[in-house]
Structure formats: structure tokens, C-alpha cells
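K.L.:
Take this sequence and fold it.
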Amino acid sequence: MKQIAYSVVPMLSVRNGARAVEFYQVAFGAKEVFRMEDPAGSVVSRLSVEGAEFWVADESPEHANFSPESLGGGTARMILTVPDPDAMFAQAVEAGAKVVVAVEEAYGWRLGRVVDPFGHHWEIGHPLGE
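P.N.:
Predicted structure coming up:
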């Protein structure tokens, strides 16, 4: 039997899954690894940014899955570690993310924070000295 590794991979609930997938592809260069779509257009998609995976799905209140838009904010921030935070940050803003904190050196990191059009906050950076 194949050994299964432990991992934690976020699934982001959004109001428009298809549009969110397109945003993450432009903003972060995400590749769609898996996709399910129902006849009504709801999407569940697994995305990868250079091997860093996350899922996106249309919110489903009947299953207690709500987007930050429905909740009036999120309960978690995504931390995207990249070699060039300045370039990725600029790319995300160009794609439609809003600046929360500009990229700077703080807490031992080169780091900035954006909020995407779906209400999810992304800290984009890398530890200094790496």
C-alpha cells in the first residue's frame, strides 16, 4: 500500500468559482490541476502555483461553506512564499487584487499583503536570507 503523506491544503470558498480560477491563473500564474463543474456552473478546482496547491470552490451555504464576501471578511490569510515577492505582488495587483500592505522588509521577511476580488487575503513574500 502506498504511504500517504500528511499535508494541509486550503480550500477557498468564493462566490464565482470560474472567475476565481481565472483570477488566480493571471495573478499568481496558477495552473489548474483538477476541475469539476456542475450543470449550474459551480466549480471545484485544484490549483498549483509552482507546486504549492490550493483548492477553490463556489460557496455552498447548504454545507456551511461561505465566502468572505458573504461573511463580511475571512478567518485566515494565505501565505504565498515566492522567490520574487515584488514581482508576484505587482502581478496580483495588476490582475485586480487590492493592496493592504505594500511589499517591505518586516519580521524577518520581504513581504506584502493583498486582498483578492473574492475577499481572501494573501501575504506574498519570502524569509530574508533565503
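K.L.:
Show me what counts as buried in stretch 121-130.
P.N.:
In terms of neighbour count (16 or more other C-beta atoms under 10 Å), stretch 121-130 has its buried residues at H121, W122, E123, I124, G125, H126. (Glycine included, C-beta is placed from N, CA and C.)
K.L.:
let me fix that: stretch 88-100
P.N.:
The neighbour-count check on stretch 88-100 (16+ other C-beta under 10 Å) flags M88, F89, Q91, A92, A95, A97 as buried.
K.L.:
can you list the residues you listed in a markdown table and add distance to D116 and pLDDT?
P.N.:
Shown next, in a markdown table, are the buried residues of stretch 88-100 (distance: C-beta to C-beta, whole Å; pLDDT from 0 to 100):
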| residue | distance to D116 | pLDDT |
| --- | --- | --- |
| M88 | 13 | 98 |
| F89 | 12 | 98 |
| Q91 | 12 | 98 |
| A92 | 7 | 98 |
| A95 | 9 | 98 |
| A97 | 5 | 98 |
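K.L.:
returning to that earlier point: in strands, which of the buried residues of stretch 121-130 appear?
P.N.:
H121, W122, E123, I124, G125, H126 (DSSP state E).
K.L.:
Tell me the one of the residues you listed nearest V26?
P.N.:
When these are compared for distance to V26, the smallest value, 13.6 Å, is given by W122; criterion: C-beta to C-beta.
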